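Novice: I need the structure of the sequence given here:
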Amino acid sequence: MVHLQNVYKTYKNGVNALNDVSIDIFDGEFVYIIGETGSGKSTFIKLLDGEEIPTKGLVEVNGVNVGKLRFSKVPLYRRNIGVVFQDYRLLERKTVSENIAFALEVINKPRREIRKRVREVLEIIDLADKAKSFPDELSGGQQQRVTIGRAIANKPRILIADEPTGNLDPERSDEIIKLLEKINGNGTTVIMVTHDINLVEKYRKRTIKIEYGHVVSDLKEGGYVHNV
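Specialist: Model (predicted):
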């Protein structure tokens, strides 16, 4: 579960990125976070993955008070959170399989376990036939699927997708949403930050809108919940 209570985030340059934000996201939910550039969406993600700590308020993820985490404990904490970026960030000199395996190698998983999990992930992302391909041999949509595969390799409880369809055409964007739905169907909580309102309207989920650092609406699938 993700629990934010009266969270403020002010940067050293004086920018107030989040102002009195309170949000609960429950295990197994699929939630969109929407808002204009500069609204506070990126700060929200950084608070969840431990990259930033709140200026004030409580950020709790899977029972962990993220703001109180020691710096040395952040890598261990992040093992339960997968993050997908818009710009892929794949290792260009590693194959698809090696990119996925790398996420497990860095946490010292046994080699046999890594091989088994890589095969499983390749099936989930539907790229078993591209296992030995390098990133520059893949389309943008395929590269994003590899990025998602790497993010779920360690079976995280939460998957954060930061504009995962931002560089893709509508057809490829549909494929990515369906993949995220598939992962969500297996019990992983999915939090997707997006500008793509067409996708939000086509694949209706709970939608939280942030403006100028404030949560201004929280819409459940098919109905209006509340203004904050």
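Novice: If we go by neighbour counts, what in stretch 207-215 is buried?
Specialist: Buried residues in stretch 207-215, counting neighbours by 16 or more other CB atoms under 10 Å, are found at 207-210, 213-215. Quick note: C-beta positions are derived from backbone N, CA and C, even for glycine.
Novice: cool, stretch 49-68 as well?
Specialist: The neighbour-count check on stretch 49-68 (16+ other CB under 10 Å) flags 49-50, 52, 54, 57, 59-62, 66-67 as buried.
Novice: so where's this protein uncertain?
Specialist: Across the chain, the ranges flagged by pLDDT under 70 are 222-228.
Novice: Could you pick out the longest helix of it?
Specialist: If you go by DSSP state H, the chain has its longest helix at helix 170-185.
Novice: Closest one to T188 out of the buried residues of stretch 49-68, please.
Specialist: Checking those against T188 by CB to CB gives N62 as the nearest, at 12.2 Å.
Novice: if we can go back for a sec, show me the buried residues of stretch 207-215 that map onto strands.
Specialist: 207-210, 214-215 (DSSP state E).
Novice: could you dump the buried residues of stretch 49-68 to JSON lines with distance to L18?
Specialist: Below are the buried residues of stretch 49-68 laid out as JSON lines (distance: CB to CB, whole Å):
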{"residue": "D49", "distance to L18": "15"}
{"residue": "G50", "distance to L18": "15"}
{"residue": "E52", "distance to L18": "10"}
{"residue": "P54", "distance to L18": "8"}
{"residue": "G57", "distance to L18": "9"}
{"residue": "V59", "distance to L18": "10"}
{"residue": "E60", "distance to L18": "15"}
{"residue": "V61", "distance to L18": "15"}
{"residue": "N62", "distance to L18": "20"}
{"residue": "V66", "distance to L18": "14"}
{"residue": "G67", "distance to L18": "13"}
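Novice: Now do the strands for this structure: every range, in order, please.
Specialist: 2-10, 16-25, 30-34, 56-61, 64-65, 81-84, 158-162, 189-194, 206-211, 214-220, 223-226.
Novice: re earlier: what two of the ones in strands among the buried residues of stretch 207-215 are the furthest from one another?
Specialist: Across those, the two lying at the largest distance from each other (CB to CB) are T207 and H214, at 15.3 Å.
Novice: beta partners for the most centrally placed residue in the chain?
Specialist: Taking CA atoms, centre = their mean, the centroid of the chain lies closest to I160, which sits 1.0 Å from it. Beta-bridge partners for I160, by DSSP bridges, are V83, I191.
Novice: distance of it from E51?
Specialist: Here I160 is placed at a distance of 11 Å from E51 (CB to CB, to the nearest Å).
Novice: which residues are common contacts for those two?
Specialist: Residues touching both I160 and E51 (CB atoms under 8 Å, 6 or more residues apart in numbering): I45.
Novice: wait, isn't V200 in contact with I34?
Specialist: Yes: using CB atoms under 8 Å, V200 is in contact with I34, at 6.3 Å.
Novice: Is it possible to get JSON lines of the buried residues of stretch 207-215 that adds distance to V121?
Specialist: Formatted as JSON lines, the buried residues of stretch 207-215 follow (distance: CB to CB, whole Å):
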{"residue": "T207", "distance to V121": "28"}
{"residue": "I208", "distance to V121": "29"}
{"residue": "K209", "distance to V121": "32"}
{"residue": "I210", "distance to V121": "31"}
{"residue": "G213", "distance to V121": "36"}
{"residue": "H214", "distance to V121": "38"}
{"residue": "V215", "distance to V121": "34"}
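Novice: tell me the two of the residues you listed that are most distant?
Specialist: Farthest-apart pair in the buried residues of stretch 207-215 is T207 and G213; separation 17.6 Å (CB to CB).
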